[in-house]
Structures are given as C-alpha cells and as structure tokens.
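Enquirer: 3D, please:
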Amino acid sequence: MATATLTPAPAPQPQKRITVEEYRQLIDEGLVSESARFELIRGLLVEKPAINPPRATSLSRMRKRITRFETDEILVRIEAPITLTPDSGPVPDFVVAKGSEDDYEDRHPEPGDIYLVVEVADSSLAVDRGIKLQLYAEFKLPEYWIVNIPDRRVEVYAIPRVEGGYSSRRDYLPGESVPLSIEGKILGSIPVREILPR
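Expert: Now for the predicted structure:
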C-alpha cells in the first residue's frame with residue numbers, strides 16, 4: 001500500500017496596511033509608478049481591472065456626457081483619487097465634486113466635496129457592488145452610479161444609511177435617462193443607451 005506524504009501549506013504572507021500618505025511617498029520615490037492601476041482601499045493596494053474594449057468604449061462615452069455638466073462650481077474628475085480616510089484613497093472612474101481644479105491642487109476631494117461617484121463595471125462588478133458601495137456609503141457620498149456593462153443598465157444608489165449601504169437603488173435601462181442631481185437640483189440627464197457599448 002502506497003503512502004502519501006502531506007506537505008504543509010505555506011504560511012500566509014504577512015500583509016502591511018499602508019496609508020494614503022505612505023502610498024504617495026512610494027510614488028514620489030519611484031517605487032510605484034504613478035500610472036500603475038492600483039487604488040488604496042482600507043490600507044491595501046487593490047489592482048484596478050484591465051480596460052477591455054467594451055469598458056473603454058463606455059468610459060469614453062460617459063466622459064463625453066458627464067463633462068457637459070462642468071461649471072465654475074462643479075468639477076468632473078476622471079480616474080483620479082479621492083481621499084476618504086487616511087488609509088482609503090479609491091480611484092473612481094468619475095467623480096463630480098464641488099469647486100474647480102484650483103481647489104484640488106494640493107489635495108484630492110474628500111467626502112464633503114463629493115456629489116457623485118461613478119464606476120464603470122465589467123469584470124469589477126462584484127467589487128463595485130461590494131466593498132466600494134459599502135465604502136462610499138460609509139462616508140456618506142450622496143450618490144453612487146454603477147454603469148453595469150454585463151447587465152446593460154445603470155444602477156443608481158442614493159441616501160446613505162447610518163448602518164451602511166444605501167437606502168435607495170434604482171436601475172435605469174436602455175431607453176431611459178439617468179438624472180444628474182446636485183443637492184436636490186436636477187442639472188440634466190444622461191441616456192443609458194448612449195453610455196453602454198452596443
């Protein structure tokens with residue numbers, strides 16, 4: 001009878017949580033490229049998904065439509081970090097924030113600055129509906145959109161709850177338009193069909 005030798009599983013590698021400041025220092029020292037596709041979530045560097053052709057198309061279409069709402073008091077930032085806590089600096093696909101570029105020369109938008117965050121989701125759908133939704137709700141970001149490419153819809157989450165998550169979710173389908181609202185005032189709308197890949 002043959003006997004098997006069991007090899008012990010390797011010990012888990014220790015993880016070191018870092019802060020936004022430490023991450024910026026790694027970039028400044030050239031240890032991490034500024035163009036690297038990472039974001040800092042709860043102290044851990046999380047790799048952003050690759051941009052495949054459908055997602056690239058949707059990002060481009062969304063950029064054209066959402067930047068129409070920029071004014072001297074409303075800024076749209078594209079794939080740029082926000083700072084939620086000392087250890088969380090996610091990089092949403094789009095952020096609609098108060099103010100202008102000048103207001104963010106030496107810092108990234110923080111919760112009190114942000115009107116809307118938007119993620120364009122393909123392979124990242126579970127993360128965008130999971131940890132990112134919880135994080136954005138926890139810091140009371142008033143509205144969160146997921147452009148859901150696989151299910152061909154835009155999920156709009158609003159009214160952050162004290163205990164986490166959002167109280168409201170409404171799905172907009174092709175043929176419908178998503179209203180862009182800032183502090184209760186509707187600035188216009190974006191047709192779902194125009195931001196999804198065909």
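
Enquirer: can you pull out the strands in this protein?
Expert: Using DSSP state E, the strands assigned to the chain run over residues 38-41, 44-47, 74-78, 94-98, 114-121, 143-148, 153-160, 166-172, 177-182, 185-191.

Enquirer: I figured residue 57 hits residue 197, correct?
Expert: Yes - Residue 57 lies in contact with residue 197 (CB atoms under 8 Å); the separation is 4.3 Å. Using the backbone N, CA and C atoms, a C-beta is placed for each residue, glycine as well.

Enquirer: tell me where the model's unsure across the chain.
Expert: 1-15, 34-36 (pLDDT under 70).

Enquirer: can you list contacts of the helix ranked longest in it?
Expert: For the chain, the helix that runs over the most residues, judged by DSSP state H, is helix 53-66. With contact meaning CB atoms under 8 Å, 6 or more residues apart in numbering, helix 53-66 is reached by 49, 51, 76, 78, 93-94, 96, 118, 120, 122, 147, 149, 180, 190, 194-197.

Enquirer: list only buried entries from those.
Expert: 51, 76, 93-94, 96, 118, 120, 122, 147, 149, 180, 190, 195-196 (16 or more other CB atoms under 10 Å).

Enquirer: could these go into TSV alongside distance to residue 112?
Expert: Formatted as TSV, those follow (distance: CB to CB, whole Å):
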residue	distance to residue 112
51	30
76	18
93	21
94	18
96	14
118	19
120	25
122	31
147	25
149	31
180	19
190	25
195	28
196	32
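
Enquirer: of those, closest to residue 166?
Expert: Using CB to CB, residue 118 is the member of the buried ones among the contacts of helix 53-66 that lies nearest residue 166, at 14.3 Å.

Enquirer: where's the closest one relative to residue 86, distance?
Expert: Applying CB to CB, to the nearest Å, the value for residue 118 to residue 86 is 24 Å.

Enquirer: one more: residue 73?
Expert: The span separating residue 73 from residue 86 equals 28 Å under the rule CB to CB.

Enquirer: can you name the residues that contact residue 195?
Expert: 58, 61, 62, 65, 147, 154.

Enquirer: can you rerun that using 7 Å?
Expert: Each residue near residue 195 by CB atoms under 7 Å, 6 or more residues apart in numbering is listed here: 58, 61, 62, 65, 147.

Enquirer: top of those by neighbour count?
Expert: Neighbour tally across those (other CB atoms under 10 Å): the maximum, 27 neighbours, falls on residue 147.
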